[in-house]
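S.K.: Need coordinates for the following:
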Amino acid sequence: MPDTPREASPPLRNTLREGLAIPRVLLNPLRLPRKGPVFGDGRAAMVIPGLTTGDISTTLLRRTLKTRGFLPEGWRQGINLGADPAKLKLLEGRLAQLHRQTGKKVVLIGWSLGGMYARVLAHRCAEHVDMVVTVASPFSGDRHANRAWKLYEAINDHKVDNPPFAEDIAAKPPVPTIAVWSATDGIVAPECCCGREGEADTTLRIDAPHFTLGTSAACIEKILARMAEVDAARG
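M.R.: Alright, predicted model coming up:
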């Protein structure tokens, strides 16, 4: 387990730096991926965006996955505004469909709030899921140890610590899991993203702003490298 800071909302200086990373999100559709080792083996990879963002924010990540041999999929649910039982149900059906179409289990990658969806789906549909990768997702600890909980509660009909699903997202799903976290995250407390002992199979520390982790080519390369390592360890 990596060294982790005390569980608390990120310092204001880190939050202010997040503004510098926002252009990366907006320019995602214009950016081209780097080439690298191919290891996807035709697996579908569903990428779920974070709070108040949609599939545009994950364009570069999905394009890079395609160059590495995956069949990347957006979540196709518009803007992610919070935990939504109807959207979860639709994603369950798509997971089963992708598994049938490819003959291979699906990789789930969730950025921030998207990682919460990914872990719930892996609990519900483990038979269709190959691996779960959470990127700066607060699946562990205090649900208020972040800068977004007030916005979340303002646009949803439930509290952050009482989401509309029965699954315990802190409990490790019964599939390989990678938790990506940053000690300089300006939105979510880092230890909530890396989890406590036993809540993830492996963690990956990439010190970059929250909005950079899913949009920086360098960060994406590190995430894919760890995914390839997990694959290799499984044989």
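S.K.: could you list every residue that touches residue 81?
M.R.: 51, 52, 155, 156 (C-beta atoms under 8 Å, 6 or more residues apart in numbering). Any C-beta I mention is one placed from the backbone N, CA and C, and that applies to glycine too.
S.K.: Which stretches in the chain count as helices?
M.R.: Taking DSSP state H as the criterion, the chain carries its helices at 12-17, 22-26, 59-67, 85-102, 113-124, 149-154, 190-194, 210-213, 217-234.
S.K.: Quick one: list the elements packing against the fifth one.
M.R.: Here helix 113-124 is seen to pack against strand 44-48, helix 85-102, strand 106-111, strand 129-135 when contacts are counted using 3 or more C-beta pairs under 8 Å, 6 or more residues apart in numbering; DSSP states H and E.
S.K.: remind me which residues of this structure are low pLDDT?
M.R.: 1-7 (pLDDT under 70).
S.K.: hmm, 80 instead?
M.R.: For the chain, the stretches with pLDDT under 80 are 1-7, 24-25, 235.
S.K.: For residue 175, give me its contacts.
M.R.: Each residue near residue 175 by C-beta under 8 Å, 6+ apart is listed here: 122, 126, 129, 130, 131, 132.
S.K.: Let me know how buried residue 17 is, in neighbour terms.
M.R.: 18 (other C-beta atoms under 10 Å).
S.K.: Ok, residue 16 next?
M.R.: 10.
S.K.: Tell me how far it lies from residue 119.
M.R.: Distance of residue 16 to residue 119, computed by C-beta to C-beta, to the nearest Å: 29 Å.
S.K.: which residues does the most centrally placed residue in the chain form a beta bridge with?
M.R.: The residue lying closest to the centre of the chain (C-alpha atoms, centre = their mean) is residue 110, at 2.2 Å. For residue 110, the beta-bridge partners are residue 48, residue 134 (DSSP bridges).
S.K.: Then residue 188?
M.R.: residue 146.
S.K.: wait, doesn't the residue nearest to the centre of the chain sit right on residue 48?
M.R.: Yes. Residue 110 lies in contact with residue 48 (C-beta atoms under 8 Å); the separation is 4.3 Å.
S.K.: Identify the farthest-apart pair in the contacts of residue 175.
M.R.: 126 and 131 (11.1 Å; C-beta to C-beta).
S.K.: More neighbours: the two, which one.
M.R.: Ranked by neighbour count (other C-beta under 10 Å), residue 126 and residue 131 place residue 131 first, with 23 against 14.
S.K.: Would you mind measuring from that one to residue 229?
M.R.: For residue 131 relative to residue 229 (C-beta to C-beta), the value is 11 Å.
S.K.: what's the answer for residue 179, then?
M.R.: Counting by C-beta to C-beta - residue 179 and residue 229 are separated by 14 Å.
S.K.: between these two, which one's more packed in?
M.R.: residue 179 (27 against 14).
S.K.: Find the nearest non-adjacent residue to that one, please.
M.R.: Nearest non-adjacent residue to residue 179, counting by C-beta to C-beta, 6 or more residues apart in numbering: residue 200, 4.0 Å away.
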